[in-house]
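**Q** Sharing a model prediction with you, sequence too.
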Amino acid sequence: MTVFLSAAAAKRIAAILAANPGKSALRLSVEGGGCSGFSYKYELVEQEKPQRDDFVIEQDGARVFIDNISLPFLDKAEIDFIDNLMGQAFAVHNPNAIASCGCGSSFSIA
């Protein structure tokens with residue numbers, strides 16, 4: 001399984017980690033909830049080493065941990081960072097999602 005990290009997301013994650021001493025990675029997970037069934041959760045973590053079953057992305061100073069339960073929901077997805085007139089936010093372009101809510105923070109799968 002593979003999850004991709006855009007250059008914009010890697011740059012933003014690296015900047016967030018640099019601004020938060022003691023934090024070593026961004027943990028992305030999928031949880032039940034939201035108006036479409038599942039939602040993404042982002043959390044800065046202090047642990048230097050990933051958990052034993054974590055999928056790890058390291059790119060340009062960014063570190064992302066994804067747990068093995070969330071990974072199948074994110075297979076072939078791209079984590080991106082959007083910066084436009086509407087604001088700044090991480091976005092997950094997920095080919096496994098068949099529907100998402102209007103705000104883009106929750107999704108459903110087949």
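**A** Perfect, thanks for sending it.
**Q** could you give me the average pLDDT of the lengthiest helix in the chain?
**A** When the chain is parsed with DSSP state H, its longest helix is helix 7-19. What helix 7-19 shows for mean pLDDT is 98.
**Q** Could you pull out the buried residues of the helix or strand just after that helix?
**A** Toward the C-terminal end, the helix or strand that comes next after helix 7-19 (DSSP states H and E) is strand 25-32. Buried residues in strand 25-32, counting neighbours by 16 or more other CB atoms under 10 Å, are found at 25, 26, 27, 28, 29, 30. Heads up, the C-betas are built off the backbone N, CA and C, glycines and all.
**Q** again, but for stretch 46-60
**A** The neighbour-count check on stretch 46-60 (16+ other CB under 10 Å) flags 50, 54, 55, 57, 59 as buried.
**Q** Okay, the first one and residue 32: tell me how far apart.
**A** If you measure residue 50 against residue 32 using CB to CB, to the nearest Å, the figure is 23 Å.
**Q** What's the end-to-end length of stretch 46-58?
**A** 16 Å (CA to CA, to the nearest Å).
**Q** Residues in contact with that stretch: which ones?
**A** The contact list for stretch 46-58 (CB atoms under 8 Å, 6 or more residues apart in numbering) reads 1, 3, 5, 22-25, 63-68, 71, 79.
**Q** Figure out how far stretch 69-83 is from the centre of its chain.
**A** From the chain centre to the centre of stretch 69-83 is a distance of 6 Å (CA atoms, centre = their mean, to the nearest Å).
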